[in-house]
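S.K.: Give the three-dimensional model of this entry:
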Amino acid sequence: MTNTRTSTLTAVLYGGFVAGTIDIGSAAAINGISPLIILRAIASGLLGKAAFQGGLPVSLLGLGLQWAMSLLIAAIFVFAAGQLAWLKRHWVSAGVLYGVVVFGVMEYVVVPLSAAWPKPHFTTQAFIENLLAMLLFGLIVAFFARRAR
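M.R.: The predicted structure is shown next:
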């Protein structure tokens, strides 16, 4: 019988990188723009409007920032799941709930406190699309965390 359990580090790395990368693609699809522009928008959290004057180096900064945030978000869930077994047993529900939490923190704390430009304005469609993207993010993280030791 093979052991299908993964290490905590593996769960964090897979969950963070996969969810973070899919999140970039989701944002590009939602907005109908290049992933490179999405990455510059992420970099604008540090650089402000100037991020959109940059080229590939700024997009790579955005990618690094996206993956760093995604790994941190995944690590929080994976470590919590190590302490609360129901997060693993009910990983679909837990992932959806975590996606809601991540959405709230990103939308109402991180982005408003950053230098991100332009500051997003509320529309029902954008709210729903971004919430759905974060639900997917949470599900991906929970999927990888479900078998972590």
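S.K.: for the residue nearest to residue 48 when sequence neighbours are not counted, helix, strand, or coil?
M.R.: Leaving aside its sequence neighbours, residue 48 sits nearest to residue 115 (Cβ to Cβ, 6 or more residues apart in numbering; 4.0 Å). Heads up, the C-betas are built off the backbone N, CA and C, glycines and all. Under DSSP: H, G, I helix; E, B strand; the rest coil, residue 115 falls in the coil class.
S.K.: could we number from 28 for the rest of this?
M.R.: Got it, first residue is 28 now, which makes that one residue 142.
S.K.: my guess is residue 142 contacts residue 77, does it?
M.R.: No. Assessed by Cβ atoms under 8 Å, residue 142 is found out of contact with residue 77, at 9.1 Å.
S.K.: can you pull out the helices in this protein?
M.R.: 35-58, 62-74, 83-110, 112-116, 118-132, 138-140, 151-172 (DSSP state H).
S.K.: among the ones you listed, which is the most enclosed?
M.R.: helix 62-74 (a mean of 21; mean count of other Cβ atoms under 10 Å).
S.K.: so what secondary structure elements neighbour that helix?
M.R.: helix 35-58, helix 83-110 (3 or more Cβ pairs under 8 Å, 6 or more residues apart in numbering; DSSP states H and E).
S.K.: same question for that helix, mean pLDDT?
M.R.: Mean per-residue pLDDT for helix 62-74: 97.
S.K.: Equivalent analysis for stretch 48-56, please.
M.R.: If you average the pLDDT values across stretch 48-56, you get 97.
S.K.: hmm, who's touching the helix or strand of the chain with the lowest mean pLDDT?
M.R.: Within the chain, no helix or strand scores below helix 138-140, which has a mean of 94 by mean pLDDT, DSSP states H and E. The contact list for helix 138-140 (Cβ atoms under 8 Å, 6 or more residues apart in numbering) reads 72, 146, 147.
S.K.: how distant is it from the center of its chain?
M.R.: 15 Å (Cα atoms, centre = their mean, to the nearest Å).
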